[in-house]
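Novice: Pasting a predicted model and its sequence here:
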Amino acid sequence: MTSRDAGAFTGFSVLWKGALRRERVRLAGWVSGFAVMAWASGDATANLYPNVKSLITASNTVNSSGALVAIYGRVQAPDAIGSIAIMKLSGFGSVVVALVSAMLAVRHTRGFEQSAQGELLSALPVGRLAVLGSAAAMVATFSALLSVATTVAMVIAGMEVQGSVAFGLAWGSVALSSGGVGLFLAQLVPTARGANGLCAAFAMVAYLLRAIGDVSGPPWCWLRWLSPIGWAQQVRPFAGEQWWVLALGTALGLGCFAIAARWTTRRDFGAALWVISNGNDDVAARIGGPMELAWKLHRVALAAWVGGFAAMGVFAGALATSVEGFMGSDQARDYMQRMGGQGAMTDAYLAIVLSLGAVVSSAFAIAVVGRMHGEELQGQAELLLSTPLSRLRWAGSHSGVALGGLSVLVLTIGVSTGLSHAIVTRDWSQLTRITVSSAAQLPPAWAMACLAIAGFGLTRRFASMAWWIFAWVILLSELGPLWELPRWIVQLSPFAHAPRLPGPLPSMTATVVLSVVSLLLVVVGSLGFSNRDVGTG
């Protein structure tokens, strides 16, 4: 290494140690959460399929359904308990790993440059690549801890050691590749929110490429090889491991780091490669109030979310007709009903899709509330509130965008799913039916958003806790029914009380109660924010 290169990384170890100290609780939480998810999935699967015959029947049921293959991926070895145990983890689980790793990279690059700490550090003798290097080290640390913890969890659950190691490394490979992409995307735009939006789009595209490749036969099956999530599945844990595939994720991560390093040395601190122009210089003249300002801050991210939800809805609606192909399978019906779907298999599948869409859409609202937390920490909120702008108007503007954007997302997946399904079935009544069914998922999603709003109003430290609650809700929604957890635990999730439509019309009492609870949470948050201290301390 030349002296010039050594100077570029001056201060790296100090930054890395500081980042580890700040992230120790969050890292421990995510790693332990993924490990518990892996252990629980393995343990539940072993109890669900006690013999080889039932295991093969269930595996063939999944592999014969284009809908389930698109959502979760194929069971690589029908007679291996580990192969079906990781089916959901290697599909949905890999998406969550990718998002966590990519956003971790953004938080310690672009997010660091936006912070007051980053501005102060830029005046010190710190190398140009020290920040990027510490962020890359954080991603590598997360990847290593995740691999080890997941492997141990799977072994404890009774899974084969070699397959457990392969699965742990596959998740670690997803973390490395996605973290590298996060480092790359953080160079493009001037804000952490914009970079996180690009990371979410990357994860969604990777998921879609994997799904299309798994469902399609030749010549389109190669599309799965364009996706880091597809690579994780092609490692084939418990199904004749292909260890060489792990090198693809590592290569992508290192390649993105190299590109990011080159761009970092060629741009100013805090600058971006994509210059986003606001048009006229008189921005204040074009902002009529706090709501307009909040809308301008969040509109790009909302547009990206809407595009992703629309694509997912079109894909899910087109695949709905293939569910009927295995209606005669008792295992398939039991699986769908455990996941919360009731009635006919197509309706059960659509109910699961709409419910998952509502769960994920609440993440947008939590992110918007998190923006208020970020503005308070950076002193921007205190500056705005020193003007005639009241606290309730400022917080209400962001809260309005959070709830309104969430509603748009839930309806987007309903409309796109209904339109796609109507085109395939040539039954245009499906568009109205599925759209109305998606609207029935709004109250629990509102409750999640209003819980974040209430938490922020009561204490600014609630921002990170909101994400923990979101992770817990996803865990209950995805795996709670399969684990056969006590009813009272599953019902801690507001989505457990949502009507599973389309399908038989249930009682709407829970919907009314959730709506009232949401309103009360907003009132609590408003009163709390009106009376607590606001500032960076």
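Specialist: Now that the structure is in, tell me what you want to look at.
Novice: need the contact list for the most centrally placed residue in the chain.
Specialist: Centroid-nearest residue in the chain, with C-alpha atoms, centre = their mean: Val96, separated by 4.9 Å. Val96 is in contact with Phe34, Ile474, counting by C-beta atoms under 8 Å, 6 or more residues apart in numbering. From N, CA and C alone the C-beta is placed, and that goes for glycine too.
Novice: What does it show for phi and psi?
Specialist: Dihedral angles of Val96 (phi, psi; degrees, to the nearest 10) stand at phi -70, psi -40.
Novice: can you tell me how far it sits from Val69?
Specialist: From Val96 across to Val69, the span is 20 Å (C-beta to C-beta, to the nearest Å).
Novice: got it, and Trp243?
Specialist: Trp243 sits 24 Å away from Val69, taking C-beta to C-beta as the criterion.
Novice: neighbour count winner among these two?
Specialist: When Trp243 and Val69 are compared for neighbours, Val69 comes out ahead with 20 against 11, by other C-beta atoms under 10 Å.
Novice: Helix or strand for the closest residue to the more buried one other than its chain neighbours, just tell me which one.
Specialist: By the measure of C-beta to C-beta, 6 or more residues apart in numbering, the closest residue to Val69 outside its immediate chain neighbours is Asp214, 5.1 Å from it. Assigned by DSSP states H and E, Asp214 belongs to helix 192-215.
Novice: Over to Leu104?
Specialist: Assessed by DSSP H and E, Leu104 sits inside helix 94-107.
Novice: Run the angle between that helix and helix 192-215 for me.
Specialist: Angle, helix 94-107 to helix 192-215, by axes from the mean of the first three to the mean of the last three C-alpha atoms, to 10 degrees: 160 degrees.
Novice: State the next helix or strand along the chain beyond helix 94-107.
Specialist: helix 110-114.
Novice: what helices or strands is that following helix leaning on?
Specialist: helix 130-156, helix 192-215 (3 or more C-beta pairs under 8 Å, 6 or more residues apart in numbering; DSSP states H and E).
Novice: Just checking the distance from it to the centre of its chain.
Specialist: With C-alpha atoms, centre = their mean, to the nearest Å as the basis, helix 110-114 stands 21 Å off its chain's centre.
Novice: need the helices for the stretch 1-150 of the chain, in chain order.
Specialist: For the stretch 1-150 of the chain, the helices defined by DSSP state H, counting those that start in this stretch cover 3-8, 12-48, 52-63, 66-72, 81-85, 87-88, 94-107, 110-114, 116-121, 130-156.
Novice: Tell me how far Gly59 lies from Tyr72.
Specialist: Rather than Gly, residue 59 is Ser. The value you get for Ser59 to Tyr72, if C-beta to C-beta is used, is 12 Å.
Novice: I should have written Asn531 there, sorry.
Specialist: From Asn531 across to Tyr72, the span is 47 Å (C-beta to C-beta).
Novice: quick one: which of these two has more around it?
Specialist: More neighbours surround Tyr72 than the other of Asn531 and Tyr72, with 22 against 10 (other C-beta under 10 Å).
Novice: what about the stretch 301-450 of the chain, any weak spots by pLDDT?
Specialist: For the stretch 301-450 of the chain, the stretches with pLDDT under 70 are 321-345, 378.
Novice: hmm, I was thinking of the stretch 51-200 of the chain
Specialist: 65-67, 116-124.
Novice: go with 90
Specialist: Low-confidence segments of the stretch 51-200 of the chain (pLDDT under 90): 51-96, 99, 103, 107-133, 157-159, 186-200.
Novice: Give me the pLDDT for Trp274.
Specialist: You'll see Trp274 listed with a pLDDT of 69.
Novice: For Ala466, which non-adjacent residue is closest in space?
Specialist: Excluding the flanking residues, the one nearest Ala466 by C-beta to C-beta, 6+ apart is Ala452, at 4.2 Å.
Novice: no no, Leu409
Specialist: Nearest one to Leu409, counting by C-beta to C-beta, 6+ apart, is Ser361 at 3.9 Å.
Novice: which strands and helices sit next to the strand or helix carrying that neighbour?
Specialist: For Ser361, the host element (DSSP H and E) is helix 345-377. Applying 3+ C-beta pairs under 8 Å, 6+ apart, one finds that helix 345-377 contacts helix 192-215, helix 290-319, helix 330-338, helix 380-385, helix 391-425, helix 429-439, helix 442-458, helix 462-483.
Novice: what would those look like in a markdown table with distance to Ser83 and mean neighbour count?
Specialist: Formatted as a markdown table, those follow (distance: least, C-beta to C-beta, whole Å; neighbours: other C-beta atoms under 10 Å):
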| stretch | distance to Ser83 | mean neighbour count |
| --- | --- | --- |
| helix 192-215 | 14 | 22 |
| helix 290-319 | 22 | 19 |
| helix 330-338 | 15 | 17 |
| helix 380-385 | 50 | 15 |
| helix 391-425 | 29 | 21 |
| helix 429-439 | 33 | 19 |
| helix 442-458 | 33 | 26 |
| helix 462-483 | 16 | 19 |
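Novice: Which among the ones you listed is found nearest to Leu146?
Specialist: In terms of C-beta to C-beta, the element of the helices and strands packed on helix 345-377 nearest to Leu146 is helix 462-483, at 14.4 Å.
Novice: Output stretch 258-269 as CSV - backbone C-alpha positions only.
Specialist: The C-alpha trace of stretch 258-269 is given here as CSV (Å, rounded to 0.1, in the frame of the first residue of the first chain):
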residue,chain,number,x,y,z
ALA,A,258,-14.2,-0.1,-5.3
ILE,A,259,-16.5,2.1,-7.4
ALA,A,260,-17.7,4.0,-4.3
ALA,A,261,-14.1,4.5,-3.2
ARG,A,262,-13.2,6.0,-6.6
TRP,A,263,-16.2,8.4,-6.6
THR,A,264,-15.6,9.4,-2.9
THR,A,265,-12.1,10.7,-3.8
ARG,A,266,-13.5,12.7,-6.7
ARG,A,267,-16.3,14.5,-5.0
ASP,A,268,-16.6,17.1,-2.2
PHE,A,269,-17.7,16.0,1.3
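Novice: Would you map the helices across the stretch 151-300 of the chain?
Specialist: Using DSSP H, counting those that start in this stretch, the helices found in the stretch 151-300 of the chain span residues 161-185, 192-215, 228-234, 246-264, 283-286, 290-319.
Novice: Dump these into a markdown table; add distance to Asp79 as well.
Specialist: Formatted as a markdown table, the helices of the stretch 151-300 of the chain follow (distance: least, C-beta to C-beta, whole Å):
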| stretch | distance to Asp79 |
| --- | --- |
| helix 161-185 | 13 |
| helix 192-215 | 20 |
| helix 228-234 | 18 |
| helix 246-264 | 24 |
| helix 283-286 | 63 |
| helix 290-319 | 26 |
